[in-house]
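Chemist: A structural model of the following input is requested.
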Amino acid sequence: MKLHYYKDAIGNFGDDLNPWLWPQLFPKPIEQCFDNDTLFVGIGSLLNHKIPVEPPKKIVFGSGFSYGSLPKMNDLWQFICVRGPLTAKTLGLPHDKVITDSALLLLKVGNPSQKKSHKASFMPHHQTAKYDSWQEICDALDIHYIDPAAPVQETIDAICGSSVLITEAMHGAIVADAYRVPWIPVRRRPRIVEFKWQDWCLSLGIEHEFEWLPPAWSATIDLKWKRMMRPFTNSVAKARLQWLIRHGRRTLSSERNFRTVYSRLTDAFDKLITDTGI
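Modeler: Numbering: from 1, shown residues only. Take a look at the predicted model:
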């Protein structure tokens, strides 16, 4: 079997969860599970035209639709579950295929320390991190900055060690919710897709709404007028982060919904292992 996931050149936490998590969950090495050419489609917005139409077989576990055009599906596809009801509706799947994002299974591989080392942490989208100077902003405010390209375990530990997480990265929110850390969703970049956030949030009965986040342009930004405006925009960015820590709406799925969904997800994964005799 081969893992099908997006590989960012610099690294991106949500995508990088795939090679970190699945080898810890499957009882055999990944390449020995199922047929050699089977694609396992797990964490991420992966259900699109980039998945090959022809063989091999595709096993979908907790993935979602968001980017690109719809995949061309046939009898080579096996849907165990998808990320949320919007994905199921878009792909024409029955509602019983909806569980949640499969990153929630990280709870099966251990519990990091819950000691709170950070009063607040901020995690940008991996594209925002490339062009903005949020680390500089966070350092000035004594807010812990979480690099979305950092190693997976380091990121999980940082999220668990935070009293609240302000996040533009959806899988930052997913991990925070899994470990019961209140989170505040923000959107700096217009390309951050509302669809995928709503898809996941609906799976857990969460009412989702982004908080506004201004730019924090890097000193190396190409446009001269942006460099000139940088002292002003970064001042606004600092003030906004401080406001969010004091007044931002904390989000957390209800304990009942969370436990119900997590139980369904673990049952589905255990059944997949049992039924295939891995």
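Chemist: mean confidence score for the helix or strand residue 202 falls within?
Modeler: In the assignment (DSSP states H and E), residue 202 maps to helix 194-203. The pLDDT scores in helix 194-203 average 97.
Chemist: Next secondary structure after it?
Modeler: strand 211-212.
Chemist: Now find how far off-centre that following strand is within its chain.
Modeler: Centroid displacement of strand 211-212 relative to its chain, using Cα atoms, centre = their mean, to the nearest Å, is 18 Å.
Chemist: what is the rounded mean pLDDT of the helix or strand just after it?
Modeler: Counting by DSSP H and E, the element after strand 211-212 in chain order, helix or strand, is helix 224-247. Taken as a whole, helix 224-247 has a mean pLDDT of 86.
Chemist: try stretch 97-105
Modeler: Stretch 97-105 comes out at a mean pLDDT of 98.
Chemist: ok, and what's touching that stretch?
Modeler: Outside stretch 97-105, the residues within contact range by Cβ atoms under 8 Å, 6 or more residues apart in numbering are 14, 17, 21, 25, 42-43, 61-64, 79-85, 87-88, 171, 174-175, 178, 200, 203-204, 261-262, 264-266, 268-269. The way it works is simple: take the backbone N, C-alpha and C, and place the C-beta from them, glycine included.
Chemist: Buried ones from the residues you listed, can you make that a ChimeraX selection?
Modeler: Those of these that count as buried under 16 or more other Cβ atoms under 10 Å are selected in ChimeraX with:
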select :14,17,21,42,43,61,62,63,64,79,80,81,82,83,84,85,87,88,171,174,175,178,200,203,204,261,262,264,265,268,269
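Chemist: Low-confidence ranges, the stretch 51-200 of the chain, go.
Modeler: Counting by pLDDT under 70, not a single residue of the stretch 51-200 of the chain qualifies.
Chemist: Same question for residue 153, what's its three-state structure.
Modeler: Secondary structure for residue 153, judged by DSSP: H, G, I helix; E, B strand; the rest coil, is helix.
Chemist: And for it, nearest residue in space, chain neighbours not counted?
Modeler: Spatial nearest neighbour of residue 153, excluding adjacent residues (Cβ to Cβ, 6 or more residues apart in numbering): residue 20 at 7.5 Å.
Chemist: That neighbour looks like it's in a strand, true?
Modeler: No. Using three-state DSSP, the assignment for residue 20 is helix, not a strand.
Chemist: That one and residue 273, how far apart?
Modeler: Residue 20 sits 19 Å away from residue 273, going by Cβ to Cβ, to the nearest Å.
Chemist: Which one's more surrounded, these two?
Modeler: residue 20 (17 against 14; other Cβ atoms under 10 Å).
Chemist: related to what we said a few turns ago, and the helix holding residue 202, what other elements does it pack with?
Modeler: Contact partners of helix 194-203 among helices and strands, from 3 or more Cβ pairs under 8 Å, 6 or more residues apart in numbering; DSSP states H and E: helix 85-91, helix 170-178.
Chemist: right, and the helix or strand after the shortest one?
Modeler: If I follow you right, that is helix 85-91. strand 121-123.
Chemist: Neighbouring strands - and their directions - for the host helix or strand of residue 60?
Modeler: Applying DSSP H and E as the criterion places residue 60 in strand 58-63. Using DSSP bridges, strand 58-63 pairs in its sheet with strand 39-41 (parallel), strand 77-82 (parallel).
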